[in-house]
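next input, structure requested:
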Amino acid sequence: MQHNRWFVVLGALMIQVSLGAIYIYSVFKPALKEHFPAWSATDLALPAQILLAADALAMIAAGRLQDKFGPKKISIAGGLLLLLGMYIAAKAQTIFQFVFGFGLAGAGIGAAYVCPIAVCVKWFPDKRGLITGLAVAGFGAGGLVFAPLASYFISTIGVMATLFYLGLIYFLAIIIGAQLMRVPPADYRPSGWNPLSCQASLGIIKTDYAAKEMIKTRRFWILWLTYFIGCVAGLLVIMNLVTIWQAQALAGAAKAADIVSSFSFARILTQGALVVMIVSILNSLGRIVWGRISDKNGREKTLMMIFMFCGAALLILGSLNSFWSFVGAASIIGFCFGGFLALYPAITADYFGARNIGANYGLMFTAYGVGGLLGPWLAPKLLSAIRDVPCETIDGAGKTIIKLVEVGSYANSFILAGALCLVAAFLVLKLKPYK
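Next up, the predicted model:
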């Protein structure tokens with residue numbers, strides 16, 4: 001009996017929800033700062049940078065390995081690496097140990113991430129945009145599922161123990177989802193789908209490229225560069241959401257009063273986790289919606305729209321310190337970032353074929369890794385107008401004390417990323433299919 005291809009999508013979602021929990025790193029940052037007070041802002045950004053870079057590097061090898069050994073085995077191996085990395089991070093006493101643990105976790109994420117995408121592309125050649133959007137929608141939803149859970153765990157058992165227990169939950173979900181990962185028969189075609197007409201519409205004669213052939217094409221490098229820009233823009237905001245919101249909200253509150261009240265301070269801190277949840281929802285929806293739009297209107301037109309919306313939102317984000325205006329702009333960025341992660345696997349398969357999609361998208365995904373190194377680092381590095389804002393807070397004995405909170409402006413990094421998005425929109429014009 002033929003395997004129902006929608007079971008593959010279900011397994012993909014289970015795996016991706018767990019892997020997408022990397023987007024909640026900003027929830028950990030305030031607690032990590034308290035646990036490791038000597039760590040600077042760039043120190044706190046480093047684990048996320050290394051995790052994202054290791055994620056992309058592991059995908060290159062994992063893409064080839066899953067083509068050879070099957071997606072189930074490689075997904076499970078990725079889950080084991082993720083669990084081991086989270087355990088090491090949970091036991092860390094130095095920045096080196098913590099970063100090493102996050103690097104292993106990132107390698108596990110990359111290994112497990114590529115499998116659902118490669119499998120879904122092969123099962124759904126007729127709906128590539130929609131199905132890659134669905135396959136990675138769980139990745140964006142990871143923040144929605146795990147941000148409140150992480151906040152609860154941090155407040156009850158502490159930040160380091162939280163890392164291990166979340167790692168264990170991620171591992172179990174990946175094991176279950178991996179059981180549904182299988183490759184379609186070599187001659188599989190969905191009913192009513194004609195691959196020759198699809199390829200002809202793109203002006204493509206050669207249909208399946210090996211990785212070494214793909215990297216010699218002009219299209220690959222345009223795609224890689226624009227993907228890199230989109231990842232810098234999205235990860236700059238998403239991986240620093242809580243700290244960006246707190247900085248801008250406290251700066252606004254400090255203008256209204258010499259000392260931020262304990263009520264206002266507590267509300268701002270609580271709203272940080274809510275921002276992560278809302279942006280996670282839009283991030284997930286963006287993957288599905290933009291994927292579906294690209295199936296109807298073409299990948300190139302859709303990518304241009306995404307880059308223009310993302311660039312506009314970034315250019316105004318630094319001036320927003322009211323909650324809902326900030327959420328609105330950040331959600332647009334998250335929605336667009338979701339679109340990048342849905343469209344680039346699909347367009348890679350469109351241009352270079354589905355046969356070697358694991359290896360090919362692994363190489364394309366290095367743009368995400370390089371963007372992951374630069375994006376989270378860029379925000380704290382370009383931080384300007386740094387000052388201490390006095391805030392009232394309640395200590396363990398119930399007494400009100402004054403705490404100085406360091407606040408700065410992230411506007412420079414937003415302007416740079418926004419301008420790059422507009423450049424990427426122009427570059428996408430060069431992707432018009434050859435006739």
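
contacts and neighbour counts: CA atoms only from here.
OK.

which pLDDT value goes with residue 103?
Looking at residue 103, its pLDDT reads 92.

for the host helix or strand of it, packing partners?
Element membership for residue 103 (DSSP states H and E) is helix 95-123. In terms of contacts (3 or more C-alpha pairs under 8 Å, 6 or more residues apart in numbering; DSSP states H and E), helix 95-123 is packed against helix 5-19, helix 41-69, helix 71-91, helix 128-157, helix 323-352, helix 357-364.

check the offset of the first one from the chain's centre.
Here helix 5-19 shows a centroid-to-chain-centroid distance of 16 Å under the convention C-alpha atoms, centre = their mean, to the nearest Å.

how about residues contacting it?
Here helix 5-19 makes contact (C-alpha atoms under 8 Å, 6 or more residues apart in numbering) with 109, 112-113, 116-117, 119-120, 123-124, 131, 134-142, 145, 169-171, 173-174, 176-182.

checking my notes, residue 386 in a strand, right?
Yes: judged by DSSP: H, G, I helix; E, B strand; the rest coil, residue 386 forms part of a strand.

if we can go back for a sec, just the buried ones from the contacts of helix 5-19?
Neighbour counting with 16 or more other C-alpha atoms under 10 Å marks 109, 112-113, 116-117, 119-120, 123-124, 131, 134-142, 145, 170-171, 173-174, 177-182 as buried within the contacts of helix 5-19.

remind me, longest helix of the chain?
The helix that spans the most residues within the chain, counting by DSSP state H, is helix 262-297.

packing partners for that one?
Contacts defined by 3+ C-alpha pairs under 8 Å, 6+ apart place helix 262-297 against helix 25-35, helix 128-157, helix 241-256, helix 299-317, helix 323-352, strand 384-394.

where does pLDDT dip in the stretch 201-350 of the chain?
201-206 (pLDDT under 70).

just to revisit the earlier point, columns distance to residue 76 on top of the helices and strands packed on helix 262-297, output as TSV?
Shown next, in TSV, are these (distance: least, C-alpha to C-alpha, whole Å):
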stretch	distance to residue 76
helix 25-35	23
helix 128-157	17
helix 241-256	30
helix 299-317	32
helix 323-352	22
strand 384-394	44
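
on that earlier part again, in JSON lines: the helices and strands packed on helix 95-123, plus distance to residue 393.
What follows is those, written out as JSON lines (distance: least, C-alpha to C-alpha, whole Å):
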{"stretch": "helix 5-19", "distance to residue 393": "34"}
{"stretch": "helix 41-69", "distance to residue 393": "22"}
{"stretch": "helix 71-91", "distance to residue 393": "28"}
{"stretch": "helix 128-157", "distance to residue 393": "16"}
{"stretch": "helix 323-352", "distance to residue 393": "20"}
{"stretch": "helix 357-364", "distance to residue 393": "47"}
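
which of those sits most buried?
Among those, ranked by average contacts under mean count of other C-alpha atoms under 10 Å, first place goes to helix 357-364 (a mean of 27).

how close does the closest residue to residue 43 other than its chain neighbours sit to residue 107?
Excluding the flanking residues, the one nearest residue 43 by C-alpha to C-alpha, 6 or more residues apart in numbering is residue 95, at 7.6 Å. For residue 95, the distance to residue 107 equals 18 Å [C-alpha to C-alpha, to the nearest Å].

of the two, give the one with the bigger neighbour count.
Per other C-alpha atoms under 10 Å, whichever of residue 95 and residue 107 has more neighbours is residue 107, with 27 against 17.

would you confirm that the more buried one contacts residue 79?
No: counting by C-alpha atoms under 8 Å, residue 107 stays clear of residue 79, with 9.6 Å between them.

mutual contacts of the two, please.
Shared contacts of residue 107 and residue 79, counting by C-alpha under 8 Å, 6+ apart, come down to nothing at all.

that older thread, the helices and strands packed on helix 95-123: lowest mean pLDDT?
Across these, helix 128-157 gives the lowest mean pLDDT, at a mean of 80.

who are the packing partners of that one?
helix 5-19, helix 25-35, helix 95-123, helix 159-178, helix 262-297, helix 323-352.

ok, now with 7 Å
helix 5-19, helix 95-123, helix 159-178, helix 262-297, helix 323-352 (3 or more C-alpha pairs under 7 Å, 6 or more residues apart in numbering; DSSP states H and E).
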